[in-house]
Structures are given as C-alpha cells and as structure tokens.
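Visitor: Okay, sequence plus prediction incoming.
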Amino acid sequence: MAKVLIIAASFNAGDAITMMNLFSKWDKRDLFLASPSKTPFMDYFASFYYLGDKECKPFCLFKPWIKLPKSGVLDYVQNDADKNKTMPMMHKLLYHAYKKLAFPVLQYLGLYNRRYSLSVSAEFTKWVNEIKPDIIYSPVSNEAMMKFLMQCQRTFPSIKYVFHGFDDWCRPAYKVIFRTSYVQRLDNSYKNLISKSDLLLSTTEMMSKDFRIRYGKEFTTFHNPVDISVAEDMVTSFSDEKYHIVYIGKVAWHNATALRNMHDALSIYNASNAQKVVLDIFTSTEKEILNYFKIRIDNNVILHHSIPNAEVIPLLRGADILFLPITISQEVISFAKYSMSTKMGEYLFSGTPLIYCGPKGIAMTEFIEEQNIAFHTTENGSQSLLNLIRQCICNQAVALQVAEKGKKIAMSLFNKNEISMEFYRLLSTLANSKSA
C-alpha cells in the first residue's frame, strides 16, 4: 500500500470529511498529515506534523502580536471548547479586531494570502525522510501553501505529487486592488507548481474542462464521496407536526442572503397557512457570526448545534424538505463557480425533496439543471423560494419522484465505496510507476 502524506492549509469540517472518504481504503499506518492548523481528526493518521514556529512565519505587522506554537509531531490537539475557556480576553479582543478591521484591508491590498509564509525546515525534512511517503497529496488552497509545496518539490524530488482542486482560490471573490496583476501572479505560480506534478484532480467536470483550457493540463474529476451504506431504516424524525426544511452546514457570506430570503419566504407562507413550515439550521457557526449576517432566529427559523457526520443522513431522511442555499450574486459566482458542496451527495442520497437556489454559471447550478433533481431557482429574493415551498408541499408526489431520481444519481456518482476504490487504484498505480 502506498504511503501518502497529505499537506493541507487546514483539515477541518467538509473538506476534511471529503478527503477522509477519498482515503477510506488506506490503512491508518500509511496515512500522514502536515498542516499549519490543528485538526480534530488526528486519529485517522499514523502521524500528524504541526507546521508551527519552525515553518510558519506571520506577516511582519503581526509578528509582535503572534506567538506560534512549536513545530513537530503532535499526539493531542486541544479541542475548541478547551480553547474558548482558556483564551485570554485580550486575545479575544485582538482576534475580533483582526476579523473586522485588518482582515478586509488585507484582502483588498492583496496581502491576505501573504498573512503568513511557510518554509521547509530541517525538522520537517527529517520527519518526511523518516516516514518515507510515496506520494504527497494536497488541495493547495492558498498562496502560502502553494509556495511551501514548491519547496517540497525541490527538497523531495523523488516523491510523487498529487494536487486536488476544490475551488478556484487563484481568483478570489473579494475585491482586490490591481486584481488583474494579482490573479496573473497567482496563475503563473500555480502553473509552475502543477507543471511538476504527477497527477491533477478536480471535484467537478466544469473545473476539469476550464482548468484544462486555462493551465494546459489534464485534471481528473472525483466527486465528493458519500457513504451510501447507511441502512434505509435509519431515520431521525421530528416530533411535532410542522413541515421541517433542513439546512446542515456553515453560515457564511456565500449563503447568508439566501438563508435570509428563506426566512422571509417562510414568514409569508406561515402568515396565510394553518400548516406551519420552519427552517431548521444545524450549524457550528457561532451566534455572533449569525448575528453579523442578520440571520433571524424566531418562529420561522430554529437553530440547532452541529451533529456528527454519522447522524447526517438519518436526519436528512427525517426532514420534509432540504435546502441548499447559495447566494445569487456576482461575488459568489467567483467563489463557488467550480465547487461542489460536500453536502450535495448526502442531500440527494437521503431521498428527501430538495430546494436549491444558486446563481447561473456555477457547477452546482449546472448539475442541478442538467439532472433535474431538485426544485431550483436562479432568481434572487424570497418570492421564488416561496413558490418552490408551495410546489413541494402541494405536489408531494412529484417532489418525491424528483427526490428518487436524485437518490439514484447519488448512488451512481457519489458512491463512497466505488469512488474511494478508484481513487486508491489511481494513486497506487502512480506510486508504483517509474519517474520519467
């Protein structure tokens, strides 16, 4: 079995689950992880190297304020609950000041991806030489990580390199001064990185097609895998008689407006119907952030804590309708153009009717429209969502037919067992191949 070292800017939430599903055919003893962010998924790896003070250097303005933890192999990572209890008040204030003031300024000046740099240290080199990976796999995801991987290519030339595109980070959705030269610089560096790669992967056909044109390299598509072995009788039902629309995931700038529109649509619907409908949001997003995005929690929207991944599909099956929101705006098109939500396969596999809203011209909208597997809209505002709610409730037989079609497609395109096996074969073949 090929030894694989995953190097990622972070290994949390949806992307981490996707990668763990892809690598599910590997023995833990052959998987290794390196990241500048601590992860709750350490148990999935034989060894985790934290890229700390030896490799990570903060942007010069932040050096007096930041003291990085020590680099090295970690056996334990402090969880978020512990972290929140022990974080000094001054650190919390500085963090909030950074998020509200420094963060947008860095983005506009094109310095956000340079807020820290990474370099290959002697300690990291020693660790890599000790574990002897056959392959280094990375989703790249930002400029600091890209430059670090280019150093890895020079330091470890005999290792095979696999890069996986999860989104189009070279073209940021936020406004950047001198955007054209900024994007060109990132593009040129990325071309240099992937020119020395052994295998390039994507998450959607649209990404593979457009990246082939943009970078002149072939990308192989791997859809986000879903565990479809969950027993059909595993259902988590709601106890009341309301209709429940469920959204599971984070709340952020790319979907906040769509969630507010759903709230307004439900407010209108419930004002004139005896049978009430509520939106249940299951999220790890903090209430402070929800307030920042003006997400109202009232009789129309119920907030729940996030749930373990193993409980997601039973909950989706127990819902009446599912909601997959992408805000319809030009900025979001840039951010989400090539991405595929990690929840797409789970939503479809549940067999529960799905309402989707998203802008035209992105991979998810194209997929939904081509397959006709959801009640969907590309129009902004609450009225279009209100119409879709009425369609789902008044035409339940049709809604279930559409959902059943989506389930069949999920079993074909997002099947974890088949995707992870093909992924395993592809990387094993690469590891056993001779270098050119």
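Guide: Now that the structure is in, tell me what you want to look at.
Visitor: Ser195: neighbouring residues, count only.
Guide: Ser195 has 11 neighbouring residues, counting by other C-beta atoms under 10 Å. Backbone N, C-alpha and C define where each C-beta goes, glycine included.
Visitor: Quick check: nearest residue in space to it, chain neighbours excluded?
Guide: The shortest distance from Ser195 to any residue other than its chain neighbours is 7.6 Å, reached at Lys217 (C-beta to C-beta, 6 or more residues apart in numbering).
Visitor: The one you found contacts Leu200, correct?
Guide: Yes. Lys217 sits in contact with Leu200 when judged by C-beta atoms under 8 Å, with a separation of 5.6 Å.
Visitor: ok, the residue nearest to Ser195 - contacts?
Guide: Ile194, Ser195, Ser197, Leu200, Phe211 (C-beta atoms under 8 Å, 6 or more residues apart in numbering).
Visitor: what's the pLDDT at the first one?
Guide: When you say that, I think you mean Ile194. The predicted local confidence for Ile194 comes out at a pLDDT of 95.
Visitor: okay, and the helix or strand of the chain with the least pLDDT?
Guide: Lowest mean confidence among the helices and strands of the chain (mean pLDDT, DSSP states H and E): helix 80-86, at a mean of 45.
Visitor: Can you pull out the low-pLDDT segments for this protein?
Guide: In the prediction, the chain carries residues with pLDDT under 70 at positions 14, 59-66, 77-100, 102-103, 111, 173, 435-436.
Visitor: picking up where we left off before, which of the contacts of Lys217 are buried?
Guide: For the contacts of Lys217, a neighbour count by 16 or more other C-beta atoms under 10 Å gives the buried set as Ile194, Ser197, Leu200, Phe211.
Visitor: Which pair of those spans the longest distance?
Guide: Pairwise distances across the buried ones among the contacts of Lys217 (C-beta to C-beta) peak at 12.2 Å, for the pair Ser197 and Phe211.
Visitor: what about the spatially closest residue to Glu205 that is not a sequence neighbour, neighbour count?
Guide: Ranked by C-beta to C-beta, 6+ apart and with sequence neighbours excluded, the top spatial neighbour of Glu205 is Thr221, at 5.4 Å. For Thr221, the tally of surrounding residues (other C-beta under 10 Å) stands at 15.
Visitor: show me what contacts Thr221?
Guide: Thr221 sits next to Leu201, Ser202, Thr203, Thr204, Glu205, Met207, Ser208 when contact means C-beta under 8 Å, 6+ apart.
Visitor: List the ones among those that fall in strands.
Guide: Cross-referencing the contacts of Thr221 with the strands (criterion: DSSP state E) gives Leu201, Ser202 as the overlap.
Visitor: which one of the contacts of Thr221 sits closest to Arg390?
Guide: Thr204 (31.0 Å).
Visitor: if I look at the residue nearest to that closest one when sequence neighbours are not counted, how far off is Asn387?
Guide: Once flanking residues are discounted, Thr204 sits nearest to Ala363: 4.0 Å by C-beta to C-beta, 6+ apart. With distances taken as C-beta to C-beta, to the nearest Å, Ala363 is found 24 Å from Asn387.
Visitor: what about the two, which has more around it?
Guide: Comparing Ala363 with Asn387 by neighbour count (other C-beta under 10 Å), the higher total belongs to Ala363, at 22 against 14.
Visitor: That one against Lys209, yeah?
Guide: No. Under the contact definition of C-beta under 8 Å, Ala363 does not touch Lys209, with a separation of 10.0 Å.
Visitor: residues near Pro139, how many?
Guide: Number of residues near Pro139 (other C-beta under 10 Å) recorded here: 23.
Visitor: ok, it to Leu316 distance?
Guide: Remark: distance between Pro139 and Leu316 (C-beta to C-beta) = 26 Å.
Visitor: how about the helices in the stretch 251-400 of the chain?
Guide: 256-271, 287-292, 312-318, 330-336, 344-349, 363-371, 382-394, 396-413 (DSSP state H, counting those that start in this stretch).
Visitor: Out of those, which one sits most buried?
Guide: Highest mean neighbour count among the helices of the stretch 251-400 of the chain (mean count of other C-beta atoms under 10 Å): helix 344-349, with a mean of 27.
Visitor: centre of the chain versus that one, how much separation?
Guide: Relative to the chain's own centre, helix 344-349 is displaced by 15 Å; criterion: C-alpha atoms, centre = their mean, to the nearest Å.
Visitor: Now Asn417: which helix or strand?
Guide: With elements delineated by DSSP states H and E, Asn417 resides in helix 416-432, which encompasses its position.
Visitor: list the buried ones in that helix?
Guide: Within helix 416-432, the residues that qualify as buried are Lys416, Ile419, Ser420, Glu422, Phe423, Tyr424, Leu427, Ser428, Leu430, Ala431, counting by 16+ other C-beta under 10 Å.
Visitor: And for it, what's in contact with it?
Guide: Residues from elsewhere that reach helix 416-432, judged by C-beta under 8 Å, 6+ apart: 1-2, 4, 21-26, 134-135, 137, 160, 162, 198-199, 220, 222-223, 225-229.
Visitor: hmm, 7 Å instead?
Guide: Identification of contacts with helix 416-432 by C-beta atoms under 7 Å, 6 or more residues apart in numbering yields 2, 4, 21-22, 24-25, 134-135, 160, 162, 198-199, 222-223, 225-228.
Visitor: Repeat that for stretch 187-201.
Guide: By C-beta under 7 Å, 6+ apart, the residues outside stretch 187-201 that reach it are 146, 149-150, 153, 160-165, 170, 215, 217-220, 222, 430.
Visitor: that older thread, would you pull up how far the helix holding Asn417 lies from the middle of the chain?
Guide: For helix 416-432, the distance from its own C-alpha centre to the chain's C-alpha centre is 21 Å (C-alpha atoms, centre = their mean).
Visitor: Using PDB, write out every CA atom in that helix.
Guide: As requested, the backbone C-alpha atoms of helix 416-432 are provided in PDB (Å, rounded to 0.1, in the frame of the first residue of the first chain):
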ATOM      1  CA  LYS A 416     -18.000   6.300  -1.400                       C
ATOM      2  CA  ASN A 417     -17.100   2.700  -1.900                       C
ATOM      3  CA  GLU A 418     -16.700   3.000  -5.700                       C
ATOM      4  CA  ILE A 419     -15.100   6.400  -5.700                       C
ATOM      5  CA  SER A 420     -12.600   5.600  -3.000                       C
ATOM      6  CA  MET A 421     -11.600   2.300  -4.700                       C
ATOM      7  CA  GLU A 422     -11.000   4.100  -8.000                       C
ATOM      8  CA  PHE A 423      -9.000   6.800  -6.100                       C
ATOM      9  CA  TYR A 424      -7.000   4.000  -4.400                       C
ATOM     10  CA  ARG A 425      -6.200   2.300  -7.700                       C
ATOM     11  CA  LEU A 426      -5.200   5.500  -9.300                       C
ATOM     12  CA  LEU A 427      -2.800   6.600  -6.600                       C
ATOM     13  CA  SER A 428      -1.400   3.100  -6.100                       C
ATOM     14  CA  THR A 429      -0.600   2.900  -9.900                       C
ATOM     15  CA  LEU A 430       1.100   6.300  -9.600                       C
ATOM     16  CA  ALA A 431       3.200   5.200  -6.600                       C
ATOM     17  CA  ASN A 432       4.300   2.100  -8.500                       C
END
